[in-house]
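**Student:** this is a predicted model, with the sequence first.
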Amino acid sequence: MTANIASPHGNQPGTDVLVIGAGLSGLMAAVHAVQAGARVRLIAEGWGQQLIAPGWISVCDRADDDVIAEVRGYAALHPDHPYAKAGDDAMVHGLEAFQAITAAIGLSYDRRRRDGHNMRLITMLGAIQRVMMAPRGIANSDWTDVTESILLVGLRGWRDFYPELAAGNLRSQGIEARAIRIDLPEPPGPWDRWPTDLARLFDSSAFRAAIIKQVQPHIRGVEKVGFPAVLGLDHHTEALTNLSEQIERLVFEIPTLPPSLPGLRLSNRLRRWLLRRGVRVQIGHPVTRGLVEGDRCVGVEVQALGHVTPFYADHVILATGGLYSGGIQTSETGRVWEPIFDLPTAGPDVPGREGWYYDRLLKERGHPIHRQAGLRVDHDLRPLNAAGEPALANVYATGHMLAGFNPLTDGCAEGIALATAYKAVHTALELDDKNHRGATDTGL
Ligand SMILES: Cc1cc2nc3c(=O)[nH]c(=O)nc-3n(C[C@H](O)[C@H](O)[C@H](O)COP(=O)(O)OP(=O)(O)OC[C@H]3O[C@@H](n4cnc5c(N)ncnc54)[C@H](O)[C@@H]3O)c2cc1C
């Protein structure tokens, strides 16, 4: 909902950029704004989808050759696609900036520099997922150039990863894979551990030493060794390096059931990076409505600690996600809407909910509600009103909530989150690409 009010900026310290949302898109928008020297506040009801997603970055999963070239070609033919709205430069710089900041916070993300193709990564069911970029541990599973066998390691008694199942499915695709199970080298813990419990154990060098001892006898003829993605939380890079060195094989991670450790590591470190640079980060606080004066948003109201507090800012980045994150709402009558500013929201072109889903669950192009629900924006990423004009001069929408693509089936949602976060902040702050700076400061 939107309220027309006089803007009592009160005695709050000034905020140049207010980001709503702590998904990939909101977090990166905050990073770009900080790097541009802006005063930034980030408010989110909770963390975004990265806490349950695998952790890799899909830019264009269906691309067979150079991914960036394929995206450029696709965007040229589809002017309403978010990649076309954000533009080529935003995609390229958005990816580069993400790779730079993740390296700076000690979580390197890799891609195939040699030919720009997608990597071929291993999933927990033993399928192959094509993606452009991934945290190093997951990227290490790229089997494109593997000639020998891989070994998958499971933890006896743990219900979230079945190495035999994955290895069997890999073999059926012609990939030499074996599976073993090892014991957790400590007294029995809770009967059902979370990935985070295991990751904390892998942070300890003594724990890892006991794991290494059990794996070493099985590595003859093996080129790489895969574990579920629980190899450390706070000391992940150290754990990955240590395991690779001691097992004397490249060690990789396979995404498991939620919570996603790759997403958790990223969220924790980006939050720390932002806090150390003076960003006000409020997670757990829902924004309930926008405060509008004329054609500008002057701030938002936030419901927290039992009362409503207004926060004011010069620019607002709306990164509240789609149907499953609260950024887009639906009702049983078939209404589809954006709840903070009540912005016009596209939905399936049918009355009621009749046409939202096809009869079959699995459809290659996905269901109409997923493809068609979202905010239409101009080339500055400002949401449009019913007349096709920017609804508000200083509000920019990014990521999953945008119309023009299907975030569930198109294999590009993370690339869009990064490209549009870059574009929105650079447009809001009127930066050109010369102002673009990667994260060269490594302080956490
Ligand atoms: C299991 C899973 C697997 C996936 N796999 C892939 C894949 O392989 N490839 C791919 O491209 N994509 C994949 N995705 C999708 C991709 O991860 C998301 O599209 C992307 O991360 C979205 O980022 P976002 O920042 O736009 O939104 P989100 O991550 O949805 O973040 C939205 C944020 O807005 C906040 N918010 C919402 N409403 C309010 C409010 N009123 N006030 C304050 N805050 C609010 C939320 O709390 C959250 O912090 C997957 C998603 C899931 C869940």
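**Tutor:** Thanks, I have the structure now.

**Student:** which parts of the stretch 151-300 of the chain sit against the ligand?
**Tutor:** Pro286, Val287 (CB under 6 Å from any ligand atom). Bear in mind the C-beta positions are built from the backbone N, C-alpha and C, glycine included.

**Student:** pLDDT below threshold where in the stretch 151-300 of the chain?
**Tutor:** The stretch 151-300 of the chain contains residues with pLDDT under 70 at 187-188, 191.

**Student:** quick one: the helices in it?
**Tutor:** 163-171, 195-202, 205-215, 236-247, 261-276 (DSSP state H, counting those that start in this stretch).

**Student:** can I get these in a markdown table with mean neighbour count?
**Tutor:** Putting the helices of the stretch 151-300 of the chain into a markdown table (neighbours: other CB atoms under 10 Å) gives the following:
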| stretch | mean neighbour count |
| --- | --- |
| helix 163-171 | 19 |
| helix 195-202 | 20 |
| helix 205-215 | 16 |
| helix 236-247 | 19 |
| helix 261-276 | 20 |
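
**Student:** pLDDT (mean, whole number) over stretch 412-431?
**Tutor:** On average, the pLDDT along stretch 412-431 is 97.

**Student:** hmm, it touching the ligand?
**Tutor:** Yes: Stretch 412-431 comes into contact with the ligand (CB under 6 Å from any ligand atom), by way of Cys412, Ala413, Glu414, Ala417.

**Student:** and the third one, how far from Pro407?
**Tutor:** When distances are taken as CB to CB, to the nearest Å, Glu414 and Pro407 turn out to be 9 Å apart.

**Student:** same question for the second one.
**Tutor:** Using CB to CB, one gets 4 Å for the distance from Ala413 to Pro407.

**Student:** kindly confirm my reading that Ala90 is in a helix.
**Tutor:** Yes: the assignment for Ala90 by DSSP: H, G, I helix; E, B strand; the rest coil puts it in a helix.

**Student:** shared neighbours of Ala413 and Pro407, anything?
**Tutor:** His400 (CB atoms under 8 Å, 6 or more residues apart in numbering).

**Student:** for Arg113, state which of the residues of stretch 412-431 next to the ligand is nearest.
**Tutor:** Glu414 (18.9 Å; CB to CB).

**Student:** how about the residue nearest to the closest one when sequence neighbours are not counted, what does it touch?
**Tutor:** Leaving aside its chain neighbours, Glu414 sits nearest to Ile57 (4.5 Å; criterion: CB to CB, 6 or more residues apart in numbering). The contact partners of Ile57, by CB under 8 Å, 6+ apart, come to Leu95, Phe98, Tyr109, Val131, Met132, Met133, Ala134, Glu414, Gly415, Leu418.

**Student:** ok, how many other residues are close to Leu305?
**Tutor:** By other CB atoms under 10 Å, the residues close to Leu305 number 9.

**Student:** from Arg335, how far off is it?
**Tutor:** From Leu305 to Arg335 the distance is 31 Å (CB to CB).

**Student:** next: Ala386.
**Tutor:** 15 Å.

**Student:** neighbour count winner among those two?
**Tutor:** Here Ala386 and Arg335 are set side by side on neighbour count (other CB under 10 Å), and the busier one is Arg335, at 12 against 7.

**Student:** now do the SS call for the residue nearest to Lys363 when sequence neighbours are not counted.
**Tutor:** Spatially, and ignoring its direct neighbours in sequence, Lys363 is nearest to Thr409 (7.8 Å; CB to CB, 6+ apart). Three-state call for Thr409 (three-state DSSP): coil.

**Student:** count the neighbours of Thr409 for me.
**Tutor:** 17.

**Student:** so how far is stretch 143-155 off the chain centroid?
**Tutor:** Centroid separation for stretch 143-155 versus its chain: 26 Å, with CA atoms, centre = their mean, to the nearest Å.

**Student:** in stretch 217-227, what counts as buried?
**Tutor:** His218, Val222, Glu223, Lys224, Val225, Gly226, Phe227 (16 or more other CB atoms under 10 Å).

**Student:** wait, Gly126 sits on Glu164?
**Tutor:** No: look at Gly126 against Glu164 with CB atoms under 8 Å: they stay out of range, at 9.5 Å.

**Student:** how is this structure divided into domains?
**Tutor:** 2-16+62-102+285-435, 118-259 (automatic domain parsing).

**Student:** ok, back up a step: could you dump the residues of stretch 412-431 next to the ligand into CSV and include distance to Arg120, neighbour count and secondary structure?
**Tutor:** As requested, the residues of stretch 412-431 next to the ligand are arranged in CSV below (distance: CB to CB, whole Å; neighbours: other CB atoms under 10 Å; DSSP: H, G, I helix; E, B strand; the rest coil):
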residue, distance to Arg120, neighbour count, secondary structure
Cys412, 17, 27, coil
Ala413, 19, 25, helix
Glu414, 17, 29, helix
Ala417, 22, 33, helix
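
**Student:** tell me the one of the residues you listed nearest Arg200?
**Tutor:** Of all the residues of stretch 412-431 next to the ligand, Arg200 sits closest to Glu414, with 26.5 Å by CB to CB.
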